[in-house]
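Novice: Sequence plus the predicted model coming up.
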Amino acid sequence: METVEIGSRGDFALWTIQRAQEIVTSEGAAFAMAARDMNEEELAQTAAALGKAISEAMMEVFDGLMSD
């Protein structure tokens, strides 16, 4: 993962939007497919993967703040 320097609220807002787009692109499609197919087991697995990706992004932010 590349390092991003955040120097303002605007930079942070842009970074969060980009990260959210990455997460939705990588995890959201599988979640939507499972919902469309009404596959409860797959829906649970893909929801967990989406939640994990969001949690990891939040930890990434925390770790970046702690390195200062």
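Specialist: Cool, the structure landed.

Novice: And the helix ranked longest in the chain, what does it pack against?
Specialist: Counting residues, the longest helix found in the chain (DSSP state H) is helix 40-66. On a contact count with 3 or more Cβ pairs under 8 Å, 6 or more residues apart in numbering; DSSP states H and E, helix 40-66 meets helix 9-23, helix 29-37. Quick note: C-beta positions are derived from backbone N, CA and C, even for glycine.

Novice: I'd like these written out as TSV, with mean neighbour count, distance to Glu2 and mean pLDDT added.
Specialist: Shown next, in TSV, are the helices and strands packed on helix 40-66 (neighbours: other Cβ atoms under 10 Å; distance: least, Cβ to Cβ, whole Å; pLDDT from 0 to 100):
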stretch	mean neighbour count	distance to Glu2	mean pLDDT
helix 9-23	13	11	84
helix 29-37	14	23	83
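
Novice: Could you say which one of those comes nearest to Met59?
Specialist: helix 9-23 (11.8 Å; Cβ to Cβ).

Novice: what's the spacing between that closest one and its chain's center?
Specialist: Centroid separation for helix 9-23 versus its chain: 10 Å, with Cα atoms, centre = their mean, to the nearest Å.

Novice: now swap in stretch 19-39 and tell me
Specialist: So, by Cα atoms, centre = their mean, the centroid of stretch 19-39 is 11 Å from its chain's centroid.
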